[in-house]
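# what shape does this take:
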Amino acid sequence: MLMLSRLSAEFVGTFWLVFGGVGSAVYAATFPETGIGFLGVSLAFGLTVVTMAYSIGHISGSHFNPAVTVGLWAGGRFPAGDVLPYVLTQVVAGAVAAVLLYSIARGLPAFDLETNGLGANGYGAHSPGGYSLLSGFTAEVLLTLVFLIIIMGATHRKAPAGFAPLAIGLGLTLVHLISIPITNTSVNPARSTGPALVVGGWALQQLWLFWLAPLIGGALGGAAYRALFEGLPAAPAITGEPPPAT
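Residues are numbered from 1 along each chain as shown. Okay, the predicted model is just below:
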């Protein structure tokens with residue numbers, strides 16, 4: 001019963017991340033006079049994490065992302081036996097969100113799936129800025145790695161209590177500000193899979209990158225934090241006092 005509650009929370013949170021974040025790009029970022037632009041879309045993704053982490057994070061841990069789940073496992077914070085159920089739930093939630101996004105978008109006569117792409121991630125000709133496969137791969141690995149370090153640090157038992165959702169949401173906002181022009185920002189295979197399944201064609205052909213790179217980055221970020229920072233004592237940086245001896 002507990003696992004069902006946790007998976008239900010992961011489903012709701014991942015659904016909201018994809019629907020809210022990608023939806024902001026599909027619905028609100030394309031109007032010349034009122035569009036929210038890259039900044040608005042980046043903020044929307046961050047807000048989905050903040051709102052869900054504060055509301056249901058105590059139930060599932062607020063992963064909402066296979067790369068986060070794998071990264072937390074690599075960092076020693078998540079049991080191996082729970083990885084697959086979490087990942088499958090996240091992917092299904094992303095797919096459901098994408099289908100609903102498309103069903104609403106079709107209500108606009110000017111919307112064209114082939115032209116607008118439903119926020120799918122891509123590289124080369126399908127990168128918003130025309131960035132290459134290598135650039136996309138590098139950005140996705142690096143940004144997911146840093147994102148995991150943010151998550152691991154913000155949720156550490158010695159971190160300031162109550163601020164983890166804000167740090168993680170703002171971290172995801174910054175990730176999007178950096179990489180929307182490069183790949184339309186994945187760092188989340190579930191977020192990439194949903195739109196790719198709806199768009200098909202090139203989006204499915206390029207989807208492998210948006211699984212491989214975030215999973216590598218997530219695992220490296222979780223393992224790096226565990227190796228470098230996990231056991232260190234808390235340092236009272238505000239007071240300027242030296243950290244306690246180990």
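# ranking helices and strands of the protein by mean pLDDT, which lands last?
Ranked by mean pLDDT, DSSP states H and E, the weakest helix or strand in the chain is helix 113-116, scoring a mean of 82.
# next structured bit after that one?
Scanning forward in sequence from helix 113-116 by DSSP states H and E, the next helix or strand is helix 133-154.
# name the helices or strands packed onto that next one?
In terms of contacts (3 or more C-beta pairs under 8 Å, 6 or more residues apart in numbering; DSSP states H and E), helix 133-154 is packed against helix 66-74, helix 164-183, helix 209-228. C-betas here are computed from N, CA, C, even on glycine.
# what's the most buried one of those?
Greatest average neighbour count among those goes to helix 66-74 (a mean of 27), per mean count of other C-beta atoms under 10 Å.
# run the chain-centre distance for it.
Chain-centre distance of helix 66-74: 11 Å, with C-alpha atoms, centre = their mean, to the nearest Å.
# what's the separation between residue 148 and residue 18?
According to C-beta to C-beta, to the nearest Å, residue 148 stands 19 Å off from residue 18.
# number of nearby residues for residue 124?
Neighbours of residue 124 under the rule other C-beta atoms under 10 Å: 13.
# wait, it sits on residue 137?
No. The pair residue 124 and residue 137 does not pass the contact test of C-beta atoms under 8 Å, sitting 11.5 Å apart.
# next, the contact list for the residue nearest to residue 206 when sequence neighbours are not counted, please.
Distance criterion C-beta to C-beta, 6 or more residues apart in numbering; nearest residue to residue 206, sequence neighbours excluded, is residue 122 at 5.3 Å. Going by C-beta atoms under 8 Å, 6 or more residues apart in numbering, residue 122 touches 136, 183, 184, 202, 203, 206.
# which of the residues in the host helix or strand of the fifth one are buried?
Put plainly, it is residue 203. Using DSSP H and E, residue 203 sits in helix 202-205. Using 16 or more other C-beta atoms under 10 Å as the burial criterion, the residues of helix 202-205 that qualify are 202, 203.
# swap in stretch 146-164?
For stretch 146-164, the neighbour count (16+ other C-beta under 10 Å) marks 146, 147, 148, 149, 150, 151, 152, 153, 154, 155, 156, 164 as buried.
# for residue 40, give its distance to residue 21.
Taking C-beta to C-beta as the measure, residue 40 falls 11 Å from residue 21.
# let me fix that, I meant to ask about residue 181.
Relative to residue 21, residue 181 is positioned 16 Å away (C-beta to C-beta).
# same deal with residue 53?
Residue 53 sits 14 Å away from residue 21 when distances are taken as C-beta to C-beta.
# higher neighbour count, those two?
Ranked by neighbour count (other C-beta under 10 Å), residue 53 and residue 21 place residue 21 first, with 26 against 23.
# which ones are touching the more buried one?
Residue 21 makes contact with 41, 44, 45, 48, 119, 191 under the criterion C-beta under 8 Å, 6+ apart.
# following the helix or strand hosting residue 10, which helix or strand comes up?
Using DSSP H and E, residue 10 falls within helix 2-23. For helix 2-23, the following helix or strand on the C-terminal side (DSSP H and E) is helix 37-60.
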